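>>> Predicted model, plus sequence, below.
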Amino acid sequence: MTTSPTSALTAEALGARLPPLLVAADRVASTVAQGVHGRRRVGQGDSFWQFRRFVSGDPLSRIDWRQSAKSGRGAPEGWFIRESEWEAAQTVCLWSDASASMRWRSRQVPVEKRDRADLLLLSLASLLLRGGERVIMMQQGARPVTNRSGLERLAAALATAGDNSGPPPDVRLPKHGTVVLFSDFLSPLADIKTLIGRFAAEPVTGYLLQILDPAETALPYQGRVRFRGLESEGDAMIPRVESVRSAYAQRLKAHQDGIAAICAAAGFGFGVHRTDHPPETALLTVYEALAAR
Amino acid sequence: MIFVAPWVLAGLATLPLLWWLLRVTPPAPRSEVFPAVRLLLGLNATEETPARTPWWLMALRLLAAGLVIVALARPVLDAGTAMAGKGPVLLVMDNGWASANDWVRRKEAAGALLDRAERAGRKAALLMTAQEGSGAPVAVSATMPVADLRARLAAMQPQPWPPERAAAADAMEAWHDHPDASVIYVPDGLTDGPDFDRFASAMRAVGPVTEVCCDLGSAALLMPPTSEADRLLAHVAQAPRVTATEVSVLARSGDGRTLARTNLTIPAGANEASGPIPLPPELRNRLTQLVLEGPPGAGSVVLLDERWRRRPVGLLSGDLASADAPFSGSIYFLKRALEPFTELREGNAATLLKRDISVLILADRPLPPGPERDALEAWVRKGGLLIRFAGPRTAESATSGTDTLLPTKLLAGDRQLGGAMSWSHPAGLAAFGAASPFAGLRIPDEITVNRQVLAEPTADLASRAWATLEDGTPLVTEMPDGAGRVVLFHVTANADWSNLPISGLFVEMLRRLVDLSVGVASTPGTATLAPVETVDGFGLLTPPPAAAVGLRADKFGSTPVSPRHPPGLYGPESGRQVLNLGAHIAVPEAAPPISGATLETVKGSARERALAPPILAFAIVLLCADMILSLALRGLLRTRISATASLLLLLAIPGAHALEASSSPATDTRLGYIVSGDTTVDGIAKSGLEGLSEYVNHRTAATLFEPDAVRPGETDLSLYPLLYWPVTADAPDLTAAQVAALNDYMSRGGIILFDTRDSGSGAGFAPGTEDALQRIGHSLNIPPLAPLNGEHVLSRSFYLLSDFPGRFTGDTVWVQRDQDRTNDSVSPVIIGGNDWAAAWAIGPEGDNPYAVLPGGQHQRILAYRFGVNLVMYALTGNYKGDQVHVPAILQRLGQ
C-alpha cells in the first residue's frame, strides 16, 4: 500500500470532524508567511495594530482619511496612517519514518505501520492547513505548503519518499517551529536522545508519536522461533517465545518510559499508537497536544 | 516373495539409531520477521526445554527409511522355481500365424522363464521357428545376457506364415556344442507339417526342455470361402478339440464395416466347419475380407478379390442377325436382366473364351460337334457355368442327338401348351425345391409357359431339375460337368415361348445362377503381380516385408504363403489378386507336448514382479509429505499455501471460451432473415445465411456475424444491410406496423431478397408461394421491376456473373428498374424463386444438406457467388456501378 494522492482525500476525511488546528506557539518561526499568530508588531496582516502620524514620504494612498478627519488637525500633522499587526503562520515540520521496520505488519492487522503513519501525517497536515499554518516535510529541498491545495503535493512527496531509513535528515528548521515525528522509535534510546537534543538546540519543540504493531506490543508468537530484524539488527533465536513474553513487555515499557523522559526534558510531547486502534484516537491525541488553548 | 539381496535388510537395524537422532535433534525453528528484534536480543529463556519433533512426523520418517531399506533388498513377488541345467538357455519360440493369438501372453511367459534364467546368472539364445519378414533363414541367435535377449524378444512379432520345423531342427542341431544347456519352448500348439517329430527330438537333444503349454489358446484358421448361388460359404479349420467350438465369421467391406456375420460351430473332434454368409449380390461385391471374430491374427483373415466378385457373362445367340432386336431378339431380355449386376460380353465363342469368363449364356444356339463345342466343353470342365436357353433351333437339333453339352437328353420337337387348337392351358411354375438355387424365390401367378422342349425321362431327371412346371415337367435342368456346370432353360430367352423372360423372377433366377459361378481375375496368367499390401502376423494390412517378391498371376492358385510370398493383395488396382494363408495349408493338427519336457502353464510362469520400484516410489511420496510437513511446521508454507491453492485452482479451470458472440447487431454486421413461422423454412434460411456469412468472411474483407431471425415491426430492421425473406404459401398478411417498418426499411436503403423457392428447375417445390408473394407485395412499396441481367451492378459487385442460381436455376430474378435515382439506384427488393438459402445452407457436419438442381458443384459455387455479390451490393451500394460503365468511360477517355 503506497501513499498516493488519493490518500490526501482519505486523510482529509479523517480530520474532517476536528476543528482547524491552530498550533500553540509562544514564539512563531520567523517567516514572512501570513498566518494567524499575531507578532505584536507592525507588519502584514488583517488585524488593526495602530495609527501613526503621516511622515513625509509615506504614500498618500495609505492615509486613513476617516481617522485624519476625526483628529481635527490640519495637514500634514493631522494625517494618520493605519497600520496592521504582523500576523505570521507557525511552521510545522512533519516527518514520518520510512525505514524498513515501518514497512511491516503482523498477520493480525491489515495495515503497515508506515501507512498508518502517513495517514496520520496527512490528516494532521490537513488540519494544520485548514488552521492557516505552514506545513513542511522534513526532507531535503522540501517546500513549505500553505494552503489546502498543497495537501496533494504532500501526499505525492510522501509517496516518493522512498525507503530511506535512519533518523530524520538534518535539514535547516525554522527557529521556534514545531516538529511532529511519526515513527516506531525502536532505535536505541541514545539515538533518540541525540535526535531530540538536536531539535531542542534549534530551538524547536514538538511531538513524537510512536506507532507500533499489536504484535510488537504483545509478542503473540509461540514455540521455537528465530526472529529476524529488518534493519540488520541481527537475529534473535528464542527457544520458547511464551516464556519471554513478560520480559519483552517489561523491556518495551522501559523503552517507552525512556523516550517519554527524554521528550519531557526537551519540552516535547510523546504518545503511543497501535495500528489496530482507530487512527482518529491518535489524531485527537496529537491535536490536543499541539492545539492552542 | 523372496529378496534378491537379503543382506541389505540388516540396514533395518539402524532404524533405532535414526529414531534417537531424530529425537535429540529439535525441529528447525520457525522464522519470523520482527522489527522490534532489538528488544528481544539477549532475552534469556527461563525454560530451556526445546520443542520436540512430533511423534507422527518421526513415525513417517522412520517408515520412509524402512521402506527404502526394504526396497534396496529387492523383493521379488511370484518367483518361480529354478530351471534345470547350468549352461546357456535356448528359448525356442513359435512365431507362425497360429501364435498371433495370445502373442502377448506368450512373450510374457517366455519373459517370466527368462527371469529365472537371469536370476541364476545364465545366458540365453533365441530361436524363432518361423522366418522373419526379411527372409533371413531360421537360426539360433548368439548367446547373450538375458537383458539383451529380452530387448530382442520384445521386438519379435508373429509372422503370417507357418513355422519351419525342419529348418528349426537343423538350427538346433547346429547349436549342440553348449554343455549343460536347457531349452524353453513356447509352442503354438500345431505340428505345422510332417517334421514336428524331428523338431522335438532335436530339441530334446539340446537339453532338458521346459514347455509352456496347456492354457494357451490354439488358433482357428479361416479358409477362403466358396461361392454359392446366393451366398458365400465360409470354411473354418482348426486342430480338433474335445469340445465344440463356436466361431463367428464377419464379412467386412473395404471401409471396415461388417456387413454380415455368421456363427459356426466346429463339432468336438472335428477339423472343419462351414457356414453360409447370406448377402445380396450388391453387398457381396463390396466385401473385401472375411474375418474370424476373436483375437487378431493372420489365420483369421481371408482377403477377397475379383474371383469372388466380378462375374463376366458372355452372351452368344443362335441367330446373330436379330439377336439384339428390341422385344423379339433372343438376347434382348437377357441383356437387360444381367446388365445391372454383371459385366456383359458379346462375340463369338472363340473371342469370348479367349478371356476369362464366369458364365456363358447360349440363347437357342445348338452345339454341333466341332471346335466350338470342344472349346466350350473344356471351359465347362475347368469351372465355367454354361447356361443354355432352348428354342426352335435347339428343338430342331435335338433330333440329331449330337448335342452332348446338355443336362439331359431332349425329345425331338417341342411341346405346345394351350393355343387355338389345343385343349390344354398354358402351364404355370411349380414352387422351387429346397435343393434348387432358386429356392425361396416368389413365383408370380401370371407366369405361363406356352411351349417348351421336353427332356427325355430318366431316373435322375427329377434331381437335376431346378425348376418344374405345375405338371412336373422340368423347366430348368442342370448337370455338373467337371468343375463346371451346364444349365438348360427349356424355354426361349425371349417372350416367344413363355412370359418368364419378361418377369422379375427371370432377373432373380439369372442372378442366382450367376452367383453360382466362379469369379475370375482379369489379369493374364503370365503377368507378375507385385505385392501391394500384405497381411502381417496380426492380420493387418501393412506394406510388404523386405523379402516379398512378385508372383505370376497363374501361380496364385498353387503357391503357399512364405516370406517370399506373404498373404496379401497383389497387382495393380484393376486386376488385384489375393494370396490367402488358408488357401494352401495343411489342415491344422494339434502338436503333442515334447516328451520328457517340464510343463509350465502361462499362469504358473507369470512374470516375476519386482517390488522395489513401487516401494521406492511410495517412500519418495512419504519423504515429499515429510518435506511439506516440515515446511509447514517452520511456518514457511503459510503465505504460499493460498498462492499455490489459487494456482492449482487456475490450472483446474478449463480454458474459458474466448469467442463469445456479441449479441448486439448494432456493433457488428449481420444478415437477417424474416421469420416465416415454418420451422423447416426458417431453419434452412438460418443455416443458409450462416453458410453465406462464412463464405463471405472467407472470401472477402467483409466480416459478417451470425445471422439473426428478424420480425418486422418488432425487430429494429435498420441494423441489417440485407434481409432474406423465404415466402411460404401460408404467409400471413402483413399488419400495418409491419408494412410501415418494411417500407421504411426499403426507403432508407435496406435490401430485401424475396425468395419464392419454386421457380426454374424447382418448379412445383413450393406451390402457392407466388400468390403469397403477390399478396404480401400488394401492401409494400415495391418499385417497378426489371429482369436482372449482366449489366446490373448486382452482377458485378464482386464476381462477374451472368446467371444467378440458387438451389434451382433458370428463372428470371427481378430487381428495381434502373430509373429511380434515390438510394443511388440500389434496388430495395430482389425477387426470385431460386431457393438460395438451401443452396447456401451448411449442415451441422459442415456439408451441404440440400442438393442443387439440376446439380453440379458449379451451380453451388455460382449460388455462393451470387450471395457474395448480394452482400457486397448491400454493403457497398452502387460503388461497383462504375465498372458497369467502364466501356462508356473508356470510350470517353479515348476521345
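That came in fine, so what should we check first?
>>> pull the helix or strand with minimum mean pLDDT from the chain.
Here I'm looking at chain A. Across the helices and strands of chain A, mean pLDDT, DSSP states H and E gives its lowest value to strand A:34-42, namely a mean of 64.
>>> looking at chain B here, not the other one
When the helices and strands of chain B are compared on mean pLDDT, DSSP H and E, helix B:638-652 comes out lowest with a mean of 60.
>>> Now the element after it, going C-ward?
Read in the C-terminal direction, the helix or strand following helix B:638-652 is strand B:670-674, with elements assigned using DSSP states H and E.
>>> With only the CA atoms kept, save stretch B:173-190 in PDB.
This file holds the C-alpha atoms of stretch B:173-190, laid out as PDB (Å, rounded to 0.1, in the frame of the first residue of the first chain):
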ATOM      1  CA  GLU B 173      21.300 -79.500 -34.300                       C
ATOM      2  CA  ALA B 174      23.900 -76.900 -35.300                       C
ATOM      3  CA  TRP B 175      23.800 -75.400 -31.800                       C
ATOM      4  CA  HIS B 176      24.600 -78.700 -30.000                       C
ATOM      5  CA  ASP B 177      28.000 -77.800 -28.600                       C
ATOM      6  CA  HIS B 178      26.800 -76.000 -25.500                       C
ATOM      7  CA  PRO B 179      27.200 -78.100 -22.400                       C
ATOM      8  CA  ASP B 180      24.600 -78.300 -19.700                       C
ATOM      9  CA  ALA B 181      22.200 -76.200 -21.700                       C
ATOM     10  CA  SER B 182      18.400 -76.200 -21.300                       C
ATOM     11  CA  VAL B 183      15.500 -75.200 -23.500                       C
ATOM     12  CA  ILE B 184      12.500 -73.100 -23.000                       C
ATOM     13  CA  TYR B 185       9.800 -73.900 -25.600                       C
ATOM     14  CA  VAL B 186       6.800 -71.700 -26.300                       C
ATOM     15  CA  PRO B 187       4.800 -73.600 -28.800                       C
ATOM     16  CA  ASP B 188       1.900 -72.600 -31.000                       C
ATOM     17  CA  GLY B 189       0.200 -75.900 -30.400                       C
ATOM     18  CA  LEU B 190       0.300 -77.100 -34.000                       C
END
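>>> low-scoring stretches of the stretch 1-150 of chain A, by residue?
Scanning the stretch 1-150 of chain A with the threshold set as pLDDT under 70 gives A:1-6, A:21-41, A:43-45, A:148.
>>> Check the offset of the helix or strand containing residue A:152 from the chain's centre.
Remark: residue A:152 resides in helix A:151-159, with elements defined by DSSP H and E. On the basis of C-alpha atoms, centre = their mean, to the nearest Å, helix A:151-159 sits 15 Å off its chain's mean C-alpha point.
>>> which ones are touching the nearest residue to residue B:787 once chain neighbours are set aside?
Counting by C-beta to C-beta, 6 or more residues apart in numbering or on different chains, residue B:787 lies nearest to residue B:812, which is 4.7 Å off, once chain neighbours are set aside. From N, CA and C alone the C-beta is placed, and that goes for glycine too. The contact partners of residue B:812, by C-beta atoms under 8 Å, 6 or more residues apart in numbering or on different chains, come to B:787, B:788, B:832.
>>> run the last query once more with 10 Å
With contacts defined as C-beta atoms under 10 Å, 6 or more residues apart in numbering or on different chains, residue B:812 is in contact with B:759, B:760, B:785, B:786, B:787, B:788, B:789, B:804, B:831, B:832, B:833, B:834.
>>> what two of these have the greatest distance between them?
Of all pairs drawn from the contacts of residue B:812, the widest gap by C-beta to C-beta lies between B:760 and B:786 and measures 18.2 Å.
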